[in-house]
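> Need coordinates for the following:
(one chain, ligands or ions: 2)
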Amino acid sequence: MDREADPTTWPTPDSALVPGEPRVDVHGLSKRYPAPNAPVRAIEDVSFQVADGEFVCVIGPSGSGKTTLFRLIAGLESPSDGAVYLGGDRVTEPGPNMGIVFQEYHLFPWRTVAGNVRFGLEQRELTETARADRVQEMIDLVGLSGFEDSYPRELSGGMKQRVAIARALAVDPELLLMDEPFGAVDAQTKEMLQRELLDVWSETGKTVLFITHDVAEAVTLADRVVVLGSDPGRLRDVVTIDLDRPRERSDPEFGEQVSLLRELIGADG
Ligand code: ADP
Ligand code: MG
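Ligands and ions are numbered 1, 2, ... in the order given. Alright, predicted model coming up:
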């Protein structure tokens, strides 16, 4: 793919690109929704890449096209222009190579925790023992041992989202893609889930693309942050968060990164 020769991707900052073959390549992506007068431009010419094993956050104010971007990357919606590549292959529909986690849990209410985590494994040719082992491994990974037989209605919001993460990871996807997954839980639970997700990330080595409107959350989690503006849904910048983990909110550098990103989002927005 020759970026120099493709004017639709200009001016993408260098920080949006990664050396070597990207795990995820979002290329000149636009989405316009039909509307009575003029089409709604939800995302306009967005390009960025995610390296293998990287943790990238996308931030932007409400209405900046974050969920649209999520749906396009997941293959739940097709772009008006541009394309998404996962491991070099164009994404045209949802597939087992991507584990997706929605803001509103989306668990199967009639299935237990174990039943939910099993879901994606049911299409796989595995022995029943291998399947059960994998389910247990994922449940342990997200700290839900002992809740295998519970139903979603019996779980707190934070626990439901851990089930969703276990379900997404069970099939060993190339990418874990999440849209504001901790948006509906209280602040304390949110910080706990963030720490747990970082543990899962370092244990599994997964590539993670995590969408949020919470700037401090992005600075807590990300290697790099893709900043969307609402003018409409354009790429503002891609910022590298060069802080050691675990990151402390009380660290002055943490505060500086948060202020910088807030300014970027707010600027002429
Ligand atoms: P965010 O997740 O950042 O809040 P969205 O992707 O949900 O942003 O929305 C971006 C813009 O696209 C908004 O103006 C929204 O109203 C519009 N939009 C989103 N989905 C649709 C749709 N299915 N039809 C028409 N407009 C939509
Ligand atoms: Mg959204």
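
> For Glu137, see how far away Val117 is.
10 Å (CB to CB, to the nearest Å). In this view, the C-beta of every residue, glycine as well, is placed from N, C-alpha and C.

> Nearest spatial neighbour of Leu261, chain-adjacent residues omitted?
Leaving aside its sequence neighbours, Leu261 sits nearest to Val215 (CB to CB, 6 or more residues apart in numbering; 4.8 Å).

> cool, and Gly205?
Gly53 (5.3 Å).

> tell me, how many neighbours does His228 end up with?
Careful, residue 228 is Leu and not His. 29 (other CB atoms under 10 Å).

> quick check, it in a strand?
Yes. Assigned with DSSP: H, G, I helix; E, B strand; the rest coil, Leu228 falls within a strand.

> ok, now which ones touch the residue lying closest to it once chain neighbours are set aside?
With CB to CB, 6+ apart as the criterion, Leu228 has its nearest non-adjacent residue at 3.2 Å, and that residue is Gly60. Counting by CB atoms under 8 Å, 6 or more residues apart in numbering, Gly60 touches 66, 213, 227-230, 233, 265.

> how close does the closest residue to Val200 other than its chain neighbours sit to Ala168?
The shortest distance from Val200 to any non-neighbouring residue, by CB to CB, 6+ apart, is to Leu141 (6.0 Å). Separation of Leu141 from Ala168 (CB to CB): 11 Å.

> Which one's more surrounded, those two?
A count of neighbours by other CB under 10 Å puts Ala168 above the other of Leu141 and Ala168, at 24 against 20.

> other SSEs contacting the host helix or strand of Leu264?
Assigned by DSSP states H and E, Leu264 belongs to helix 252-266. If contacts are counted by 3 or more CB pairs under 8 Å, 6 or more residues apart in numbering; DSSP states H and E, helix 252-266 sits against helix 215-221, strand 224-229, strand 234-240.

> Return the residues of this structure in contact with ligand 2.
Contacts of the chain with ligand 2, taken as CB under 5 Å from the ion, map to 66-67.

> For ligand 2, what's its nearest residue on the stretch 51-200 of the chain.
Thr67 (3.2 Å; CB to the ion).

> got any ranges where the chain has weak pLDDT?
For the chain, the stretches with pLDDT under 70 are 1-10, 267-269.

> quick one, strands of it?
Taking DSSP state E, the strands of the chain run over residues 24-33, 40-50, 55-59, 81-86, 89-90, 98-101, 175-179, 207-212, 224-229, 234-240.

> Nearest to Gln161 among those strands would be which one?
If you check each of the strands of the chain against Gln161 by CB to CB, strand 98-101 wins as the nearest, at 7.1 Å.

> Within the sheet, what are the partner strands of that closest one, with directions?
Within its sheet, strand 98-101 is paired with strand 175-179 (parallel), according to DSSP bridges.

> List the contacts of the strand it pairs with.
Applying CB under 8 Å, 6+ apart, the contact partners of strand 175-179 are 23-24, 50, 66-67, 70, 73-74, 86, 97-103, 165, 168-169, 206-211.

> Now, of the residues you listed, which are buried?
In the contacts of strand 175-179, burial by neighbour count holds for 23-24, 50, 66-67, 70, 73-74, 86, 98-103, 165, 168-169, 206-211, counting by 16 or more other CB atoms under 10 Å.

> could you give the angle of the longest helix seen in the chain to strand 55-59?
Selection of the longest helix in the chain by residue count, based on DSSP state H, yields helix 187-204. Interaxial angle, helix 187-204 versus strand 55-59 (axes from the mean of the first three to the mean of the last three CA atoms, to 10 degrees): 140 degrees.

> ok so, going back, the residue nearest to Gly205: neighbour count?
14.
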